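> Generate a structure from the sequence data that follows.
(one chain, ligands or ions: 1)
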Amino acid sequence: MSPAAVLTPPPAAMRRVVIVEDEGILALDIERQLSRLGFDVRGVAGDCEAALVLIEREKPDLVLMDIRIQGPLDGIETVLKLRERFDVAIVYLTAHSDPNSIERAQQTLPMGYLLKPFKKADLQNVVTIALARDGIERQLRRREELLRTTLSCIGEALITTDEDGAVTSLNAAATTLLGPQPRSSEPRHLREVLPLKRPDGATFGVDPVQAAQASGRVDFEARLDTPEGQRSVVGTAAAVRAGLASYGVVLAVRDLTELLLTRRQLEFSERLSAMGTMAAGVAHEVNNPLAIVMTNLSFALREPLSDELREALVEASDGAQRVARIVRDLTLFAKPQPEALTAMDPRRLLTSALALTRGTWRSVCGVDLSLGPVPTVMASPMRLSQVVVNLVINAVHAMQGSSRAALLTLSSHTNERGDAVMSVLDTGPGVPAALHERIFEPFFTTKSTSQGTGLGLAVSRSIVESHGARLTLDSTDAGARFSITLPAAPRPTPTVVPTVCWIGPATDELRRLGVAAVPAEADAVRAELAARPNVVLLALPPDEARRLASSVPELEDHFILVTSHPPPRGVVRLVPPFDLMALAALVR
Ligand code: ADP
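This next block holds a predicted model:
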């Protein structure tokens, strides 16, 4: 601000003056002089009380205040009282420069002093300068307020430092990004408040603040460790300079974490959807010739055949069925066209995920399948199967490194609100409490790059939530349980009546259901399998079941045991109580 600007006479609107002076003749003289100089004198008061009443009424721009006035309060105390209610420029009138009074007066931030006796020119200068200075200070305060409000509205984090790098201010977005800052009387260095690292995690050789101080302004890309986790940021650091002097640095930082994650998630889901489309294409191509093979095999099997030929054809038919199942499961990954929700029994998600992941779990663990009754739900079977497959694979990975006996439990039940709950439980080490939420973040993985991408649970949660459902975790150090809670559909699905092959002793329940029990003998089982039941259940102890499976290899595909023994590796055990018909419909 140039001195000329300061000395410019105040505008007419800023010339209202009140005089507080108890020497009547002097007050009159000042009033006359000021009026002649063009100021608008709104009144004279002789003591504190009268001054406060006058000032409240007249709202002057400036008060000429005698330090020594009559009454219980002197001029300085009167100004202190005044300051509680009004923002007005003060010029003190004093007969002598008593250092004590001046020091007290100084604390009330006056705009100037007039030493009595004074000349007309002194009066004019002091009052003019005081009013001009007050006008400028008001303007500065207004600009500062405008700037503060603007900064608080900006979405980018803004941080200012002094020339030594000590933080002088943070806007609201910076506090959101960095978390609440500790109150400290000591200045905190920017390095401590904003711990920037290079995007690869290495320390900056020359940090952005130093670079800005050297070159005026730098743009940077960085990684930021916050209490909420790592953030990817970009920013600009600019030195605040006046001439050659540097007063500090302003940093504007933008958090790109969500944007980058969304972009990567999008790329990933595009890749998944491309894979799905390809799988659907392959399935379509395979299905037609496969149907021909299966029809012809079943036609040939109805003819009289030598035992050898029959055995070969049964084997071929079994292989073809297996291909059909794989093809069917592959299509689960295809993006539905259009992505409509269908009414389904959600337990099907568990059985189909088990079949799809057989290669992953068979050498690691046995499976307990506990299919309690659940309501029908509205879902995209393809997308939700993808979720259960991911949960099963994660469970198997967790158990691979664990010293405890490996057992995977897939179960379903209806909760107290009537929702269907599907759970995948393992006997791995569980998820530490501190990671319960983080494991759902995209790219969070504790696995090696060859085994994990960290996308599985993030994508799973978004798929589940797009069904109006929830994906939750309960974990102890005895294992992790992931559950999908799906709201019940308005209408139930029609029941599919399956064909069941029960190998083992007959029970009343079977008789009631009209299911024939097949004795555990290779020939009888083979003959029964040739009729292609939807589901084969072995009600045998595991060793006996294994013996039978080794002499009837096609049983391998249907290895579901109904037994009280724990399932050996590679075997699914059906945990009672179960609904036989429902299970058969599911496995179909
Ligand atoms: P990825 O399997 O590629 O790592 P996910 O998003 O599926 O990605 O899983 C993220 C992380 O969650 C895993 O790296 C692992 O640390 C943890 N996690 C997931 N499932 C389990 C589980 N059943 N038991 C223990 N930790 C698990």
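> which residues sit against the longest strand seen in the chain?
If you go by DSSP state E, the chain has its longest strand at strand 229-242. For strand 229-242, contacts defined as C-beta atoms under 8 Å, 6 or more residues apart in numbering pick out 160, 177, 196, 199, 208-209, 211-213, 216-225, 246-257, 260, 438, 441. The way it works is simple: take the backbone N, C-alpha and C, and place the C-beta from them, glycine included.
> Then stretch 184-192?
Here stretch 184-192 has contacts from 159, 161-162, 164-167, 181, 207, 209, 249, 251, using C-beta under 8 Å, 6+ apart.
> Can I get it in CSV? Just the C-alpha atoms.
Only the C-alpha atoms of stretch 184-192 are listed here, as CSV (Å, rounded to 0.1, in the frame of the first residue of the first chain):
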residue,chain,number,x,y,z
SER,A,184,0.1,-27.9,19.8
SER,A,185,1.6,-24.6,20.8
GLU,A,186,4.8,-25.6,18.9
PRO,A,187,4.8,-25.0,15.2
ARG,A,188,4.6,-28.3,13.3
HIS,A,189,6.6,-28.8,10.2
LEU,A,190,4.8,-29.7,6.9
ARG,A,191,6.8,-32.9,6.7
GLU,A,192,5.1,-34.0,9.9
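> From the chain's centroid, how far away is it?
Computed by C-alpha atoms, centre = their mean, to the nearest Å, the chain-centroid distance of stretch 184-192 equals 28 Å.
> Kindly report the same for stretch 75-84.
53 Å.
> So which bits of the stretch 151-300 of the chain are right by the ligand?
Neighbours of the ligand within the stretch 151-300 of the chain, by C-beta under 6 Å from any ligand atom: none found.
> got a list of what residue 537 touches?
Shown in contact with residue 537 (C-beta under 8 Å, 6+ apart): 500-504, 558, 560-562, 574, 580, 583.
> ok, residue 261 - contacts?
By C-beta under 8 Å, 6+ apart, the contact set of residue 261 is 441-443.
> Quick check: the two most widely separated of the contacts of stretch 184-192?
181 and 207 (19.2 Å; C-beta to C-beta).
> Between these two, point out the one with more neighbours.
residue 207 (21 against 13; other C-beta atoms under 10 Å).
> Quick check: the more buried one vs residue 253, distance?
13 Å (C-beta to C-beta, to the nearest Å).
> okay, which residue is most central for the chain?
The chain has residue 441 as the residue nearest its centroid, 7.4 Å off, counting by C-alpha atoms, centre = their mean.
> just checking, residue 101 touches residue 77?
No - Residue 101 is beyond contact range of residue 77, at 11.3 Å (criterion: C-beta atoms under 8 Å).
> for the contacts of stretch 184-192, which one is nearest the ligand?
residue 181 (31.5 Å; C-beta to the nearest ligand atom).
> And the pLDDT at that closest one?
Looking at residue 181, its pLDDT stands at 80.
> for the stretch 201-350 of the chain, what spans make up the helices?
Secondary structure of the stretch 201-350 of the chain (DSSP state H, counting those that start in this stretch): helices at 208-215, 257-301, 307-330, 347-356.
> Deepest in the core, which of those helices is it.
The highest mean neighbour count among the helices of the stretch 201-350 of the chain, using mean count of other C-beta atoms under 10 Å, belongs to helix 347-356: a mean of 23.
> helices or strands next to that one in the packing?
Applying 3 or more C-beta pairs under 8 Å, 6 or more residues apart in numbering; DSSP states H and E, we find helix 347-356 packed against helix 307-330, strand 366-371, helix 381-400, strand 407-414, strand 420-425, helix 580-587.
> want to try TSV for the ones you listed, with mean pLDDT and distance to the ligand as columns?
Output for those, formatted as TSV (pLDDT from 0 to 100; distance: least, C-beta to the nearest ligand atom, whole Å):
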stretch	mean pLDDT	distance to the ligand
helix 307-330	81	20
strand 366-371	91	14
helix 381-400	89	3
strand 407-414	94	10
strand 420-425	96	8
helix 580-587	64	23
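> Of all the ones you listed, which one comes closest to residue 38?
Of all the helices and strands packed on helix 347-356, helix 381-400 sits nearest to residue 38, with 82.0 Å by C-beta to C-beta.
> Let me see the contact set for the closest residue to residue 211 other than its chain neighbours.
Spatial nearest neighbour of residue 211, excluding adjacent residues (C-beta to C-beta, 6 or more residues apart in numbering): residue 218 at 4.3 Å. Contacts for residue 218 (C-beta under 8 Å, 6+ apart) come out as 208, 211-212, 236-237.
> can you tell me which two in these are farthest apart?
211 and 236, at 10.9 Å, using C-beta to C-beta across these.
> Show me the shaky parts of the stretch 101-250 of the chain.
By pLDDT under 70, the stretch 101-250 of the chain has no low-scoring segment.
> Which residue would be the closest one in it to the ligand?
residue 229 (14.0 Å).
> okay, now that residue: neighbour count?
The number of residues near residue 229, taken as other C-beta under 10 Å, comes to 12.
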